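**Q** predicted model and sequence below, questions to follow.
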Amino acid sequence: MPISRNAIGSLAVGGALAATLAALVYPSMLGIQTTSSNASRIIANTQWGPLTESDRNFVVFVRSAGLWEGPSGDLAMKKGTTAAVREAGRHLVIGHAALDASCRKIAPMLNITIPNQPTPQQAGFLATFQSDKGKQFDTDFANILRVTHGSIFNTIAKVRSTTENTLVRALADQANDVVLDHITQMEKTGLVNFDQVNFQITTPPKLPSAQVTPPVPQAGAPQVVLTVPPGLSTEGVPTGPAVTSEGSSATSPTPTPTPTPTAG
């Protein structure tokens, strides 16, 4: 199954997501001059349980992932040459809007600063999709997103099994459902090169932290909000159990369509 050279380069760094998650920190935003390499280090005690570096990084990364995967889904709905690719794009848009709402809800509760832009690595993935045309778009879309979702899926399981913070635990529950759905949708395109994808996930390269850390949001800048475009059907798209303010997961109906992704 042919994959472009640019896509191969993107895939080569996609598998680094799980390996670099523990190192993804926002020290300058949090007033921390030095940070520990121990992801289990408790950085705050909250009414929802202790918050570790790993917990904080997970919230940041779920938000960051949506900032490029949501727009990628929108591109797939417009540029995909097959019904399966366009359907996968619909699932991305709706699923990441739901996860984004949860991240924006719990971040201030846990005093976590969340990004307004994806990482440079993720921005590169999106740039590939923007420049791709025809069948090349379909192939790159399915394979790059299968790598990134497969990588973070492993991390979700680790966070869910170790966190003592109920808000983070509920977000992991929701992310598990959404990301599994997205993995399934990529596979349904029939375009996934499993040998290459599995190699990238199991043999992640090392990347500079600057490539996998989202930019610090500018003070006073409006917060980017991912939403479902008006008129887009949300039928049959899993969005996971919504995160409640008590830190539990509650099954909620599929999100009601709202204006297209915007800042506000």
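**A** Sure thing, it's come through.

**Q** now do the phi/psi pair for residue 232.
**A** phi -80, psi 120 (degrees, to the nearest 10).

**Q** try residue 46
**A** phi -120, psi 170.

**Q** in the protein, which residue is closest to the centre?
**A** Geometric centre of the chain, nearest residue: residue 65, 2.6 Å, by C-alpha atoms, centre = their mean.

**Q** show me what contacts residue 45?
**A** Shown in contact with residue 45 (C-beta atoms under 8 Å, 6 or more residues apart in numbering): residue 51. Quick note: C-beta positions are derived from backbone N, CA and C, even for glycine.

**Q** ok, the one 4 residues further on next?
**A** By C-beta under 8 Å, 6+ apart, the residues touching residue 49 are 163, 164, 165, 166, 247.

**Q** the fourth one touches residue 47, doesn't it?
**A** No - using C-beta atoms under 8 Å, residue 166 and residue 47 do not qualify as a contacting pair, with a distance of 9.3 Å.

**Q** look at these two and report which has more neighbours.
**A** Using other C-beta atoms under 10 Å as the criterion, residue 166 and residue 47 rank with residue 166 on top: 19 against 9.

**Q** just the buried positions in the helix or strand containing residue 149, please.
**A** Per DSSP states H and E, residue 149 falls inside helix 134-162. Neighbour-count burial for helix 134-162, counted by 16 or more other C-beta atoms under 10 Å, picks out 136-153, 155-156, 158-160.

**Q** again, but for stretch 79-96
**A** For stretch 79-96, burial by neighbour count (16+ other C-beta under 10 Å) applies to 79-80, 84-96.

**Q** now that stretch: mean pLDDT?
**A** The average pLDDT within stretch 79-96 is 98.
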